[in-house]
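Novice: I'd like to go over a predicted model; first the sequence, then the structure.
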Amino acid sequence: CHTSGMLTPNGKEYAQKIPREELTHLILKLLQAWKEPLSHFNQHIEHHQELPDDSLSKAKQISNMVHELKTGVEKSMGIISNSLNGMASSEATGLSISNEANMMSDSDFIHCFRRDSNKVQSYLKILKCRIMPENSC
């Protein structure tokens, strides 16, 4: 996976120890790291005539959701990361992601995306519990 070099906590226990701002920054880095690869993936699958229209639509929907989630995290957490917004995704993560992500097979790409989206989901749950502890997390 093109984000494998990114340092992320292994497990919920370690993620819970990370300060809110750092965890938010990590979420933003993961989301930013997928912006360009998802765009390339969408372009790639548009050329597959054998794919049904609903698969193409779903891929575009996922790409849009990543963008909206990134924007939402920035706004709702009150942290606008100028360093991430002003850089290309490869600069933001410190990785050369374009070539590696583009060379992955579709199944590897989806596996990596699912892995990282699960991380983001877990990190967001942790942040939600910190911000709104009354939700009995």
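Specialist: Thanks, I have it.

Novice: sketch out the low-pLDDT regions of this structure for me.
Specialist: 48-57, 75-104, 135-137 (pLDDT under 70).

Novice: quick one: the helices in it, in order.
Specialist: 12-17, 20-46, 53-76, 82-85, 89-93, 97-103, 106-131 (DSSP state H).

Novice: those: which one's closest to Gly5?
Specialist: Among those, helix 89-93 comes nearest to Gly5, with 7.9 Å by Cβ to Cβ. From N, CA and C alone the C-beta is placed, and that goes for glycine too.

Novice: ok, which of the helices of the chain comes nearest Met6?
Specialist: The nearest among these, by Cβ to Cβ, is helix 89-93 at 5.7 Å.

Novice: that older thread, could the helices of the chain be laid out in TSV, adding distance to Thr3?
Specialist: Below are the helices of the chain laid out as TSV (distance: least, Cβ to Cβ, whole Å):
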stretch	distance to Thr3
helix 12-17	15
helix 20-46	5
helix 53-76	13
helix 82-85	14
helix 89-93	7
helix 97-103	7
helix 106-131	6
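
Novice: turn the ones you listed into a markdown table, including mean neighbour count.
Specialist: As requested, those are arranged in a markdown table below (neighbours: other Cβ atoms under 10 Å):
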| stretch | mean neighbour count |
| --- | --- |
| helix 12-17 | 12 |
| helix 20-46 | 19 |
| helix 53-76 | 14 |
| helix 82-85 | 13 |
| helix 89-93 | 19 |
| helix 97-103 | 17 |
| helix 106-131 | 15 |
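
Novice: and His2, which of those helices is closest to it?
Specialist: Nearest of the helices of the chain (Cβ to Cβ): helix 97-103, 4.1 Å.

Novice: show the backbone phi and psi for Met132.
Specialist: With angles defined as degrees, to the nearest 10, Met132 sits at phi -130, psi 70.
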